[in-house]
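Colleague: fold the following and give me the result.
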Amino acid sequence: MNELLDDTNLLERIKNSDNEAFRVIFERYQPVLFRYVHFQIRETDFTHDIVQETFIRIWENRASLKPELSFLAYAIRISTNLVLDSYKHKKVREKLKEEIHSTTRSETDDPAEALNLILLQEQITEILSKHLGKKCREIFILSRVEGKANQEIADLLNLSVRTIENQIQHALKILRKKLYLSLSR
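Modeller: Sure, this is the predicted structure:
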């Protein structure tokens with residue numbers, strides 16, 4: 001074998017950032033490493049990813065290469081660790097996926113639902129502006145849109161809590177009636 005192409009020499013050259021030496025090592029060991037990883041995981045695309053990541057890590061850590069040791073053993077150790085790490089991460093992803101699926105869906109997940117929600121909000125806004133007095137509308141918005149407590153609204157507007165409750169009930173009664181009428185058309 002040509003002395004320039006033995007592993008020890010190639011690894012020394014790779015330590016010094018020699019791209020050509022790295023290409024030779026890659027071409028020499030990529031098929032062997034591919035078969036080794038594929039035997040473990042049996043997924044071709046995933047095997048390609050692991051082998052590629054193995055060589056990327058070798059290149060990124062080329063300064064710490066030990067040319068006197070077996071390159072194949074080193075590459076196998078890296079790829080095995082990557083496979084093990086990926087399985088650990090896969091378990092975490094699956095657990096998170098289960099947790100995410102157990103949460104409720106957002107209104108915006110379904111475009112039709114999102115459109116219906118926008119139309120409903122517009123209808124409510126129109127009813128509030130056309131069928132409620134100014135003070136009643138203000139109280140309703142402070143309560144239902146801004147989420148303020150009745151006592152807070154009463155203090156803010158210098159009104160009794162009972163007046164606030166009555167105005168909110170009045171607004172809800174009108175909303176129900178107008179929305180019911182619009183749905184029954």
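
Colleague: show me what counts as buried in stretch 115-129.
Modeller: For stretch 115-129, the neighbour count (16 or more other CB atoms under 10 Å) marks 124, 127-128 as buried. Every residue, glycine included, has its C-beta placed from N, CA and C.

Colleague: then stretch 41-60?
Modeller: Neighbour-count burial for stretch 41-60 flags 47, 50-51, 54-55, 58 (criterion: 16+ other CB under 10 Å).

Colleague: off-centre distance for that stretch?
Modeller: Relative to its chain's centre, stretch 41-60 lies at 24 Å (CA atoms, centre = their mean, to the nearest Å).

Colleague: cool, stretch 19-30 as well?
Modeller: Worked out by CA atoms, centre = their mean, stretch 19-30 lies 36 Å from the chain centre.

Colleague: output it in CSV with nothing but the alpha carbons.
Modeller: The C-alpha coordinates for stretch 19-30 follow below in CSV (Å, rounded to 0.1, in the frame of the first residue of the first chain):
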residue,chain,number,x,y,z
ASN,A,19,-9.6,17.9,2.7
GLU,A,20,-8.2,15.4,0.2
ALA,A,21,-7.1,13.1,3.0
PHE,A,22,-10.5,13.3,4.5
ARG,A,23,-12.2,12.5,1.2
VAL,A,24,-10.0,9.4,0.9
ILE,A,25,-10.9,8.2,4.5
PHE,A,26,-14.5,9.0,3.8
GLU,A,27,-14.6,6.9,0.6
ARG,A,28,-12.7,4.1,2.3
TYR,A,29,-14.9,3.8,5.5
GLN,A,30,-18.3,5.2,4.6
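
Colleague: what does that stretch rub up against?
Modeller: With contacts defined as CB atoms under 8 Å, 6 or more residues apart in numbering, stretch 19-30 is touched by 5, 7, 9-11, 13-14, 51, 55, 59, 62, 71-72, 75.

Colleague: done for today, thanks.
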